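Colleague: Following is a predicted model, sequence given first.
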Amino acid sequence: MGRHDASELARMLAGRVQALVAELLPGGVRDGQEWRAGSVAGEKGRSLGVHLSGQRAGVWADFASGERGDLLDLVAVCRCGGDIKAAMVWASAWLGLDGASPPPRQAPPPVRPKAESVPDSEALGRRDAALRLFLAARAELRGTPAEAYLAGRGIELAELGRQPRCLRFHPALHNKESGKQWPAMVAAITGAD
């Protein structure tokens, strides 16, 4: 397989992150310091983000599916059907190491099903849960950590004239990764249906 371990390969890939994400996620676009795509299938969209610089260069997450990892993980998902060993061979070849040839490209993973393909009862249950969460959140952002977050992004609520009605603040939402509750800004996302 080569003389480089997974963490070394991930670091080397991070050094060429912009070229790699353009190849792995061709429908994506640069958005500030991130590459944004619809999913690991590489289509247009914004659900998946890859950091392009700094200490987190190469760290990615697909916020719709919950998948995340480093660039070697992204190679595994996008090019090797999830096989990390095959991803190491592919990455070595892509980086020009070990004289390896990349394995033939496997079909990309299927694009996540859209909401309209989810069974009605499941979709309704998720919508109702989201609505309950939104209604449980505080409607006023002034004086909350959400106001400070927005100010840090250059959005001053006082200058807007009025706060967007789609934004609310919840003082303690459960975070799956940490197992703790954290303050959070909540946004309502609506569609024609």
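Modeller: Great, that's in hand.
Colleague: what residues are up against residue 36?
Modeller: With contact taken as CB atoms under 8 Å, 6 or more residues apart in numbering, residue 36 is in contact with 28-30, 45-46, 48-50. Bear in mind the C-beta positions are built from the backbone N, C-alpha and C, glycine included.
Colleague: Go again with 10 Å.
Modeller: When contacts are counted by CB atoms under 10 Å, 6 or more residues apart in numbering, residue 36 touches 21, 25, 27-30, 44-50.
Colleague: Just the local confidence number for it, please.
Modeller: Residue 36 is assigned 93 on the pLDDT scale.
Colleague: How about it, nearest residue that isn't a chain neighbour?
Modeller: residue 46 (4.8 Å; CB to CB, 6 or more residues apart in numbering).
Colleague: picking up where we left off before, please flag which of the contacts of residue 36 sit within helices.
Modeller: Members of those lying in helices (criterion: DSSP state H): residue 21.
Colleague: Can you report how many residues neighbour residue 94?
Modeller: Using other CB atoms under 10 Å, residue 94 has 21 neighbouring residues.
Colleague: change the start of the numbering to 246 and stick with it
Modeller: Yes, from this point I'll number from 246; that puts the last item at residue 339.
Colleague: Could I get the full set of helices for this structure?
Modeller: 251-259, 262-269, 316-324, 329-339, 365-381, 390-397, 402-405.
Colleague: Where among the ones you listed is average confidence lowest?
Modeller: Averaging pLDDT over each of the helices of the chain puts helix 365-381 lowest, since it has a mean of 76.
Colleague: which parts of that helix are buried?
Modeller: Residues residue 379 are the ones in helix 365-381 that count as buried (16 or more other CB atoms under 10 Å).
Colleague: and what of stretch 312-325?
Modeller: 312, 314-325.
Colleague: hey, C-alpha coordinates of it in CSV?
Modeller: The C-alpha trace of stretch 312-325 is given here as CSV (Å, rounded to 0.1, in the frame of the first residue of the first chain):
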residue,chain,number,x,y,z
GLU,A,312,-21.0,12.5,7.4
ARG,A,313,-17.7,14.2,8.2
GLY,A,314,-14.0,13.6,8.4
ASP,A,315,-10.7,14.5,6.8
LEU,A,316,-9.7,14.5,3.2
LEU,A,317,-8.8,10.8,3.2
ASP,A,318,-12.3,10.0,4.4
LEU,A,319,-13.7,12.2,1.6
VAL,A,320,-11.6,10.3,-1.0
ALA,A,321,-12.9,7.0,0.5
VAL,A,322,-16.5,8.2,0.2
CYS,A,323,-16.2,9.9,-3.2
ARG,A,324,-13.9,7.6,-5.1
CYS,A,325,-13.6,4.3,-3.3
